[in-house]
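**Q** Generate a structure from the sequence data that follows.
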Amino acid sequence: MDATSQLRLAFYGDDFTGSTDALEVLAFAGLRCALFLKPPSVETLNALGPFDAIGVAGESRSMSPEEMDQNLPQTLGALATLPVPLVHYKVCSTFDSSAAVGSIGRVMDLAREAFGGGAIPIVAATPALGRYCVFGTLFARSGTDGLVYRLDRHPIMSRHPTTPMSEADMALHLAAQTRQTFAKFTLPLYGAGRPAMDSELARIAAGEPGGIVFDGATPDHLTEVGRQLERLSAGRSRPLFCVGSSGLEYATTQWWREAGAAAVVDTAQYETFEAVSQVLAVSGSASPLSKMQVDAAIAHGFVELAVDASSLVADERWEAELKRLNGEAVVALRAGHSVMVHTARGPDDGRIAAMTSLLVTRGLSTDTAKHVGGRLLAQRLGHFVDGVLRAVRIERLLVSGGDTSSHVTQHLAPDALVVAARLAPGAPLCRVLSDQPHLTGLQIALKGGQMGQPDYFVKALRGTEA
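**A** Okay, here's the model as predicted:
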């Protein structure tokens, strides 16, 4: 039997941390799913499947619109040919993006050719992660103090080094990235009853907006969103293209369970995982929460390796810096220690500013220097991790930061990832599928800078029993 005949959802993640977030929700809902680095062939799906859902992990969150034009049409076209009702363009739960970097609007424009017309549903709320959308405005809980903020006042996201969020209204935020128009399906409608909700959505869609932003503040709201997505996808010749956080996976799986189309499953298999003797942790994030996580790891005895960011991006010095990092990491790991590699300890760490200044002196604008420097730093950390894994047998690899996670995983090039255990909401522990000897048996956890608790790295080492 064709492995694609059982597919219920496919997604493309705009970075690897977001991709494992969506994969986690699907796995914990009992779906058979895997994450690939490119759209898999039918032969690959038949060999590794069958699957109820598949994901493709990408890096469009760090792309310019021109790079998206070059790289995304083929992938979107491949996803559009799948016999699946929904294709989800998975973005970070904080929607951080801009017209210049990671443009969600440009992706929506590109998707028109592959998926056809009709309003694109936009699911911004993810209550399980502390993300709430009210009258189209997105709020997010901060991992540093536990409080909920509008995104444009959020202590982490308003200070994001590449795409700081200056607008919390999702319609306005996305309208700055595309000429498409946006409508809103707002909170009061959820209390009007399903016939009234259906009628109002039909009225909104009849106005032919480019996208419809769905509010949500509770799991029940998301279940209703899942019902509407199923209605919108019915009878289409091509999949319904959607944009959103992992709230979309919560929405669909919750609705399938309510409708009797999916079984309630026991997730006990994901709730525990064993301790390991050591881990390699790599942080490319400068967020305040990442600083707390790095500090906790070092306090717990991880050997600290501070990356000289300027040297690692400089054409004439990066190989020497890579050799230094690699040598020190291998020595520490062979001695039985865990290693904590970091490019910054918080947003005020001077290393990132120094890296940006170096690139500015070489002719780049400040914004371009931040973008190019961040990507180059992540790529060379991919070289570093690959070299260490080839030299020392490691059971568990932890990577923090969206761009860093994407480039490290791309450099390692596994066949696929499957969820192994719950480590932190939106940042699961995954098992690598690969026939490469240095990747066989490897577990990997990828997380964004704003995800996880302060003891994230320590918990990944000590396991759940501790």
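
**Q** Strands along the stretch 151-300 of the chain, start to end?
**A** Listed in chain order, the strands found in the stretch 151-300 of the chain under DSSP state E, counting those that start in this stretch are 182-185, 211-214, 240-244, 280-283.

**Q** what about Arg203, neighbour count?
**A** 10 (other C-beta atoms under 10 Å). Quick note: C-beta positions are derived from backbone N, CA and C, even for glycine.

**Q** which regions of this structure sit below the pLDDT cut-off?
**A** Across the chain, residues meeting the criterion (pLDDT under 70) sit at 1-5, 466.

**Q** Kindly list the longest helix within it.
**A** Longest helix in the chain, counting residues (DSSP state H): helix 366-391.

**Q** which other helices and strands contact it?
**A** strand 280-283, helix 309-313, helix 318-334, helix 350-361, strand 396-400, helix 402-412 (3 or more C-beta pairs under 8 Å, 6 or more residues apart in numbering; DSSP states H and E).

**Q** let's go with 7 Å and repeat that
**A** Using 3 or more C-beta pairs under 7 Å, 6 or more residues apart in numbering; DSSP states H and E, the elements in contact with helix 366-391 are strand 280-283, helix 309-313, helix 318-334, helix 350-361, helix 402-412.

**Q** Redo these as JSON lines? Include distance to Arg141 and mean neighbour count.
**A** Formatted as JSON lines, the helices and strands packed on helix 366-391 follow (distance: least, C-beta to C-beta, whole Å; neighbours: other C-beta atoms under 10 Å):
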{"stretch": "strand 280-283", "distance to Arg141": "21", "mean neighbour count": "26"}
{"stretch": "helix 309-313", "distance to Arg141": "29", "mean neighbour count": "24"}
{"stretch": "helix 318-334", "distance to Arg141": "34", "mean neighbour count": "17"}
{"stretch": "helix 350-361", "distance to Arg141": "25", "mean neighbour count": "17"}
{"stretch": "helix 402-412", "distance to Arg141": "18", "mean neighbour count": "26"}
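
**Q** With distance to Ser237 added, can I get these in JSON lines?
**A** Putting these into JSON lines (distance: least, C-beta to C-beta, whole Å) gives the following:
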{"stretch": "strand 280-283", "distance to Ser237": "44"}
{"stretch": "helix 309-313", "distance to Ser237": "47"}
{"stretch": "helix 318-334", "distance to Ser237": "49"}
{"stretch": "helix 350-361", "distance to Ser237": "47"}
{"stretch": "helix 402-412", "distance to Ser237": "33"}
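
**Q** Mind checking the ones you listed for the one nearest to Ala297?
**A** strand 280-283 (6.1 Å; C-beta to C-beta).

**Q** Return the list of strands paired to that closest one, each annotated with direction.
**A** Take DSSP bridges as the rule and strand 280-283 pairs in its sheet with strand 339-342 (parallel), strand 396-400 (parallel).

**Q** how far is the longest one from where the chain is centred?
**A** Taking the mean C-alpha point of strand 396-400 and that of its whole chain, the gap between them comes to 14 Å (C-alpha atoms, centre = their mean, to the nearest Å).

**Q** Make 198 the starting number, not 1.
**A** Noted, 198 is the first residue going forward, which turns the last one into strand 593-597.

**Q** got the angle between it and helix 563-588?
**A** In this structure, strand 593-597 runs at an angle of 180 degrees to helix 563-588, with axes from the mean of the first three to the mean of the last three C-alpha atoms, to 10 degrees as the basis.
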